[in-house]
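*Asks:* model this:
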Amino acid sequence: MPQLADPSGIRSRPTSVVLGELARLAAERDGIAVVHRRELGGSRILFEALRRGEIDVYPEYTGTLIHELLGADPASIRSQEDLATALAEFDLAALAPLGFENTYAIGVQKTRARALGLTKISDLAEHPQLKFAFSSEFMDREDGWPGLANRYGLAPDFARGMDHDLAYRALESGDIDAIDLYSTDADIAYYDLAVLDDDLHYFPEYKALFIYRRDMAERSPSLLRSLTSLSGRVSADSMIAMNARVKLERKSEADSAAQFLGVASNTVRDTRFTRITKTPPEHLTPVTISLSAAIAFAIPLGIAGAQIPPPGTAAPTEDLTEIKCGTTRPTALKAKSSAPRIPSSKRVTPARSATCRIEGTAIPVEHLALFRIFQYVEGLLHLLELRFGLGIVRIHVGMVFARQIPIRLFDVRSRSVSGDP
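*Replies:* Predicted coordinates for the structure are as follows:
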C-alpha cells in the first residue's frame, strides 16, 4: 500500500498537513487505498525516508529542495526540467507544481509601516532601532536570516529567535517590529500585516509540489494520476483559505481539504480524548521493556551479592577501619558501641579489613571487583532506560533495584568484623 507523508515544522503547519490530506482524499476519491503518516518529521527526515523507500510520496517546496536537500549548485537548477534531472540522481521524481508558492516574506504592522515609510525590505536598513524576531528555522537556514542580512545590509540592534505563533502576538502588542512570514499564512490577514517587497529578489521560489519515488510509475500509476489531478488547481488564495479554516475556524486539516475537493473527509475528528486513548500503548510498551530489563538484571545480581560471605566474623562492635584503597596504614575510627567496656588485657583485637570509600559507603576490597560489575550493569540499565524508557511516565523501580540493593548489602556487611567491644 503506498505510503503518503507530510512534514512537521513551522512551515508545515498547517499548509503541508493540508496538502497531505488533499493527497489522501484525492486517492480515496479514486478508490486507491493509501497510508497517510501525518507530520512524520522535517524535510530532511522525509527526503531521506523517501530515498530509502520508507515512504512513497510527500509534499515539498522547490526552494527547500534546491537550497537544502539536493546538495547541487542552486544556479544549475533554473527550470522544472533541471529539477527533474537533479531528482533523478536520487531515483526520485516530481509532479508539476500545485499552483501556489509558500515563500518567505518579512511582515510589519501596517500602522508601523505607514509611520516609517516601509514598503520594501531594503527600507529596514535605515531603521536599525527596529526589533526583529524570527523563527528558529529562519534564523538557521541558508536561505534565511544570515543571507538576508548580508544581502540587504541589515544590522539591527535586536534580532532573536522566537516561536512563530508567539512572534505574531508580540508583533501585535508592539514588543517587536518585524517577523518572518510564509506567504500562505492566514495570520497575515488576521493581524492586518503589511508584507514588505523583496526588492533585491533574495528569497527563492517555493513552489509546492509532490515528490515521489520513480518506481511508483510502475507500482501505483493510478495514485500518480490522482495526484496529478491536483497540479495547477491549488492557488495561493485557495491555500490561504484552507489554512484559515484550520487556524482561525479551528477545523481539522482533513475537513478543510475535503471542503476544497468537495468530498467527505471520512476522518474521525482528532480531539484530546482520541489522542490520549491512542498513544498510551506507544509509550507504555518501551517503558515496560526497559523496566523488565532492569529488574531481570538487578534482582539476580542483588541475590548474588547477598550470598558472598564478608571478611571476619562476630557481631558488629565498631566501625570498620577506614583506609584509602592501596594504602596499608589504617586509621581507626571512634567506636560507637554502647556495650560495657572490657579491660584491654582481655580485649580481642578486631580483625581489620582494607576498604574503599565509594559514594560514602565502606566497601571491602575483596568486594570491590563485584561492586564495579554492579556499577557497569547500572550504567547499562541507565542506557536502556534512556533508549526505551521515554514515555508518559518515567519508571525507576528497576534502577532502584540495580543501585540500592547491592550498596545496602555491602554497607551492612562492611561493618561486620570479629572481636569484642
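*Asks:* alpha carbons only for contacts and neighbour counts from here, please
*Replies:* OK.
*Asks:* quick one: Ala23 from His67, how far?
*Replies:* With the distance defined as C-alpha to C-alpha, to the nearest Å, Ala23 ends up 25 Å from His67.
*Asks:* wait, I meant Leu227
*Replies:* Taking C-alpha to C-alpha, one finds Leu227 at 25 Å from His67.
*Asks:* give me the more crowded residue out of the two.
*Replies:* When neighbours are counted by other C-alpha atoms under 10 Å, Leu227 and His67 differ, and Leu227 comes out ahead with 21 against 17.
*Asks:* my read is that the more buried one contacts Ala26, right?
*Replies:* Yes. In terms of C-alpha atoms under 8 Å, Leu227 counts as a neighbour of Ala26; the distance is 6.9 Å.
*Asks:* let me see the backbone angles for Met216.
*Replies:* The phi/psi pair for Met216 (degrees, to the nearest 10) reads phi -60, psi -30.
*Asks:* hmm, it is touching Gly53, no?
*Replies:* No. Between Met216 and Gly53 there is no contact under C-alpha under 8 Å: 10.5 Å.
*Asks:* between those two, point out the one with more neighbours.
*Replies:* A count of neighbours by other C-alpha under 10 Å puts Met216 above the other of Met216 and Gly53, at 17 against 14.
*Asks:* report the contact partners of the more buried one.
*Replies:* The neighbourhood of Met216, defined by C-alpha atoms under 8 Å, 6 or more residues apart in numbering, consists of 56, 224.
*Asks:* make 8 the starting number, not 1.
*Replies:* Will do, 8 is the new start, and the previous item becomes Met223.
*Asks:* what pLDDT is listed against it?
*Replies:* With respect to pLDDT, Met223 has a value of 91.
*Asks:* could you do Arg121 as well?
*Replies:* Arg121 is assigned 93 on the pLDDT scale.
*Asks:* all strands of this structure, in order?
*Replies:* 10-14, 42-48, 64-68, 99-101, 111-116, 138-141, 165-168, 185-189, 200-203, 215-220, 362-365, 368-371 (DSSP state E).
*Asks:* which strands and helices lie in contact with the fourth one?
*Replies:* In this structure, strand 99-101 makes packing contacts with helix 87-95, strand 215-220, judged by 3 or more C-alpha pairs under 8 Å, 6 or more residues apart in numbering; DSSP states H and E.
*Asks:* give the pairing partners of it; include direction for each.
*Replies:* Strand pairing for strand 99-101, using DSSP bridges, gives strand 215-220 (antiparallel).
*Asks:* name the residues that touch the strand it pairs with?
*Replies:* With contacts defined as C-alpha under 8 Å, 6+ apart, strand 215-220 is touched by 57-58, 60, 63-69, 98-109, 234, 238.
*Asks:* these, buried ones only, as a PyMOL selection?
*Replies:* Burial among the contacts of strand 215-220 is assessed by 16 or more other C-alpha atoms under 10 Å; the matching PyMOL selection reads:
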select buried, resi 57+63+64+65+66+67+68+69+99+100+101+102+103+104+105+106+107+108+109+234+238
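*Asks:* tell me the contacts of Asp199?
*Replies:* Contacts for Asp199 were tallied using C-alpha under 8 Å, 6+ apart; they are 116-117.
*Asks:* any figure for the gap between it and Gly114?
*Replies:* To Gly114, Asp199 is 10 Å away according to C-alpha to C-alpha.
*Asks:* now swap in Pro14 and tell me
*Replies:* 24 Å.
*Asks:* again with Arg85
*Replies:* Going from Arg85 to Gly114 by C-alpha to C-alpha gives 27 Å.
*Asks:* which one's more surrounded, those two?
*Replies:* Ranked by neighbour count (other C-alpha under 10 Å), Arg85 and Gly114 place Gly114 first, with 26 against 10.
*Asks:* can you count the residues close to the residue lying closest to the more buried one once chain neighbours are set aside?
*Replies:* Spatial nearest neighbour of Gly114, chain neighbours left out: Val202 (4.5 Å); criterion: C-alpha to C-alpha, 6 or more residues apart in numbering. A count of nearby residues for Val202, using other C-alpha under 10 Å, gives 24.
*Asks:* then Asp164?
*Replies:* Residues lying near Asp164 (other C-alpha under 10 Å) number 11.
*Asks:* next up, the contacts around it.
*Replies:* Neighbouring residues of Asp164 by C-alpha under 8 Å, 6+ apart: 135-138.
*Asks:* next, it: phi, psi?
*Replies:* Dihedral angles (degrees, to the nearest 10) for Asp164: phi -70, psi -20.
*Asks:* what pLDDT does the model give it?
*Replies:* Each residue has a pLDDT score; the one for Asp164 is 81.
*Asks:* from Glu179, how far out is it?
*Replies:* For Asp164, the distance to Glu179 equals 20 Å [C-alpha to C-alpha].
*Asks:* can you count the residues close to Gly239?
*Replies:* 13.
*Asks:* what do you get for the one 4 residues further on?
*Replies:* Close neighbours of Ala243, defined as other C-alpha under 10 Å, add up to 16.
*Asks:* what ranges does the stretch 208-357 of the chain have for its helices?
*Replies:* With DSSP state H, counting those that start in this stretch as the criterion, the stretch 208-357 of the chain has helices at 223-226, 228-235, 243-254, 260-268, 279-285, 287-314.
*Asks:* dump stretch 180-190 to CSV, keeping only the CA atoms.
*Replies:* Output in CSV follows, covering the C-alpha atoms of stretch 180-190 (Å, rounded to 0.1, in the frame of the first residue of the first chain):
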residue,chain,number,x,y,z
SER,A,180,1.4,44.0,21.1
GLY,A,181,4.3,46.2,19.8
ASP,A,182,7.1,44.3,21.6
ILE,A,183,8.8,43.6,18.2
ASP,A,184,8.6,45.4,14.8
ALA,A,185,9.2,42.8,12.1
ILE,A,186,8.9,39.0,11.7
ASP,A,187,9.3,36.4,9.1
LEU,A,188,6.2,35.2,7.3
TYR,A,189,5.1,32.5,4.9
SER,A,190,3.1,33.8,2.0
